[in-house]
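> Generate coordinates for the sequence data below:
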Amino acid sequence: MLENLFKLKENGTSTRVETVAGLTTFMTMVYILAVNPSILSASGMDRGAVFTATAIASAVACFAMALLSNKPFALSAGLGLNAYFAYTICGSMGYDWPVALTAVLVEGIIFIVLSVTNVREAIFNAIPRPLKTAVSCGIGLFIAFIGCQNAHLIVDSSTLVSLYSFKGALANGTFFTEGITVVLALIGVAITAFLLIKGVTGYMLFGILATWLLGIICQLVGLYVPNPEMGFYSVIPSAIVSAPASMAPTMFKFDFGFITSHFGDFIVMMFAFLFVDIFDTLGTVIGCASKAQMLDENGNLPGIKGVLLADAIGTTLGACLGTSTVTTFVESSSGISEGGRTGMTSCVTGLLFLAALFLSPLFLTVPSFATAPALIVVGFLMMQQIKDIDWSDLIDAIPCFVTITMMGLAYSISDGIAFGIITYVVLHLATKKTKGISPLMYILAVLFVLKYFLI
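Prediction:
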């Protein structure tokens, strides 16, 4: 049955490979079940209800991805978008969270229309092949940076970012809380890299589990001392099973009256959700599909309509249940690196999201320092595609460089794409080499410029 449903042999994979890939993807993105309720609760939303809504919306979106596209992409509530929801709309702008939830719902409905009418697919296809390769490499840099941050190897400083100071940790007495987790993450990178070099199947998952196990040992012998005030919690599960919280406090809690009374403000916040989501999703899909070698000779992804429709369905359902924008996760690349090539990977991830409803004490105990090595290694794997860019062709190479660097330095997939497209169009116009450029590229470049100056 699985063979007929997912065409495993046709895609050069197997049930075992897809299962391991789905589990690996889940392990690298399970943090969202802890982070999303924490962020959205700052807006006044019920933390338990958000946890349940996030898990169910993620699971259904993963199932939709599998059934509509048969692609190994996993979805959940997007970081950045949830921060905009809680800290901008409900924080600095002062609106109640039902207003923000209404904006997410409208965004999701618009996305469904854009996906069905091929608008989002047209945008994907309009991006030139070199820029698509650059997007994949940029995501590699971006996800490795996230991994370094999660490991606390890279920290905030007067120079914006800097390397973690072990000497400082020993001096101020924080080594056995924060410092030891950095050491464990570095050991985890070494373990994962060694398993990769040896060609061990499931190396990413084994690296996560090995690092977590080392953390448990360190806590048991006193080398790691949990400190919740600093954000470092016990890595030993206190329980295994718990009942999921009710979604009643957040389900269908919309404020449609705000649309008519504050139409201008509503359009601005909804468009911000729309813009970031569409290009974050496109960037993630380009990067992951390129890594999995799913793009055709023209750089397009067969069946992308199903991918984008699943993403739109996830956002709409998530809003109805009571969570922020659901989007395709860049951590999908970890499962792809394990060999995931079909929707079975997404299904396994979705099933684990459902299991997390009842096994939350176990899954939420997986520390970020254990999943960080996987993200760093995935970043390395995705950066390998940089060799496919013709660096001697400056008119293409410069926009590719801008895309890669801006994605990491601006900490945004969508901003990396935006600057890459603007640079690409400007350079080709300036050199009068516009043959073959899609008219949609010019439209996108203008819209991006307007976005930065007017919105």
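> need the contact list for the nearest residue to residue 227 once chain neighbours are set aside.
Distance criterion Cβ to Cβ, 6 or more residues apart in numbering; nearest residue to residue 227, sequence neighbours excluded, is residue 177 at 4.5 Å. All C-beta atoms are positioned from the backbone trio N, CA, C, and that covers glycine. By Cβ atoms under 8 Å, 6 or more residues apart in numbering, residue 177 lies in contact with 224, 225, 226, 227, 230, 232.
> Same check on residue 315?
With Cβ under 8 Å, 6+ apart, residue 315 has these contacts: 104, 107, 108, 111, 277, 325, 326, 327.
> what helix or strand is it on?
Assessed by DSSP states H and E, residue 315 sits inside helix 304-321.
> same check, this time on residue 76
Here residue 76 is assigned to strand 75-77, by DSSP H and E.
> thinking again about what came up before, does the residue nearest to residue 227 count as helix, strand or coil?
helix (DSSP: H, G, I helix; E, B strand; the rest coil).
> same check, this time on residue 244
coil.
> what ranges do the helices span in the stretch 201-350 of the chain?
Under the criterion DSSP state H, counting those that start in this stretch, helices of the stretch 201-350 of the chain are mapped to 203-221, 257-261, 263-291, 304-321, 332-337, 343-356.
> Give me the angle between the last one and helix 304-321.
Okay, so that is helix 343-356. Following axes from the mean of the first three to the mean of the last three Cα atoms, to 10 degrees, one obtains 10 degrees for the angle between helix 343-356 and helix 304-321.
> Give me the contacts around the next helix-or-strand element following helix 343-356.
Sequence order places helix 360-363 as the next helix or strand after helix 343-356, per DSSP H and E. Identification of contacts with helix 360-363 by Cβ under 8 Å, 6+ apart yields 30, 33, 51, 237-242, 244, 352, 355-356.
> separation between the residue most central in space within the chain and residue 21?
The centroid of the chain falls nearest to residue 329 when counting by Cα atoms, centre = their mean (3.1 Å). Between residue 329 and residue 21 the computed distance is 14 Å (Cβ to Cβ, to the nearest Å).
> cool, residue 264 as well?
For residue 264, the distance to residue 21 - Cβ to Cβ - is 45 Å.
> neighbour-wise, which of those two wins?
residue 21 (31 against 6; other Cβ atoms under 10 Å).
> Go through the helix or strand where the more buried one lies and flag the buried ones.
Element membership for residue 21, per DSSP H and E: helix 15-29. Residues 17-29 are the ones in helix 15-29 that count as buried (16 or more other Cβ atoms under 10 Å).
> Any chance of these in JSON lines with distance to residue 91 and pLDDT as columns?
Listed next are the buried residues of helix 15-29 as JSON lines, based on distance: Cβ to Cβ, whole Å; pLDDT from 0 to 100:
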{"residue": "17", "distance to residue 91": "44", "pLDDT": "94"}
{"residue": "18", "distance to residue 91": "41", "pLDDT": "96"}
{"residue": "19", "distance to residue 91": "41", "pLDDT": "96"}
{"residue": "20", "distance to residue 91": "40", "pLDDT": "95"}
{"residue": "21", "distance to residue 91": "38", "pLDDT": "95"}
{"residue": "22", "distance to residue 91": "35", "pLDDT": "96"}
{"residue": "23", "distance to residue 91": "36", "pLDDT": "95"}
{"residue": "24", "distance to residue 91": "35", "pLDDT": "94"}
{"residue": "25", "distance to residue 91": "31", "pLDDT": "94"}
{"residue": "26", "distance to residue 91": "30", "pLDDT": "94"}
{"residue": "27", "distance to residue 91": "31", "pLDDT": "92"}
{"residue": "28", "distance to residue 91": "29", "pLDDT": "91"}
{"residue": "29", "distance to residue 91": "25", "pLDDT": "90"}
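> for those residues, which one is nearest residue 153?
For the buried residues of helix 15-29, the closest approach to residue 153 (Cβ to Cβ) belongs to residue 28, at 16.7 Å.
> ok, that closest one touching residue 331?
Yes. Using Cβ atoms under 8 Å, residue 28 is in contact with residue 331, at 4.3 Å.
> list residues touching both of these two?
375, 378.
> what's the neighbour count on residue 67?
Around residue 67 there are 15 residues (other Cβ under 10 Å).
> On the pLDDT front, check residue 348 for me.
With respect to pLDDT, residue 348 has a value of 97.
> Could you verify my assumption that it touches residue 15?
No. Residue 348 lies out of contact with residue 15 (Cβ under 8 Å); the separation is 9.8 Å.
> tell me the contacts of residue 44?
90, 96, 97.
> Phi, psi for it please.
phi 100, psi 0 (degrees, to the nearest 10).
> what does the model give it for pLDDT?
For residue 44, the predicted pLDDT is 93.
> now residue 154
94.
> Ok, residue 295 next?
Value listed for residue 295 in the pLDDT field: 86.
> ok, now residue 455?
In this prediction, residue 455 has a pLDDT value of 59.
> Settle this for me: residue 419 is touching residue 401, isn't it.
No. Using Cβ under 8 Å, residue 419 is not in contact with residue 401, being 10.4 Å away.
> Widest-spaced pair of the contacts of residue 177?
224 and 230 (12.1 Å).
> Same list, the contacts of helix 360-363, but as TSV with pLDDT and distance to residue 335 please.
Converted to TSV, these look like this (pLDDT from 0 to 100; distance: Cβ to Cβ, whole Å):
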residue	pLDDT	distance to residue 335
30	89	13
33	90	17
51	93	23
237	88	23
238	84	28
239	83	28
240	85	24
241	89	26
242	88	26
244	91	25
352	96	11
355	94	16
356	93	16
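> Write a PyMOL command that selects only the buried members of those.
Per 16+ other Cβ under 10 Å, the buried members of these correspond to this PyMOL selection:
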select buried, resi 30+33+51+244+352+356
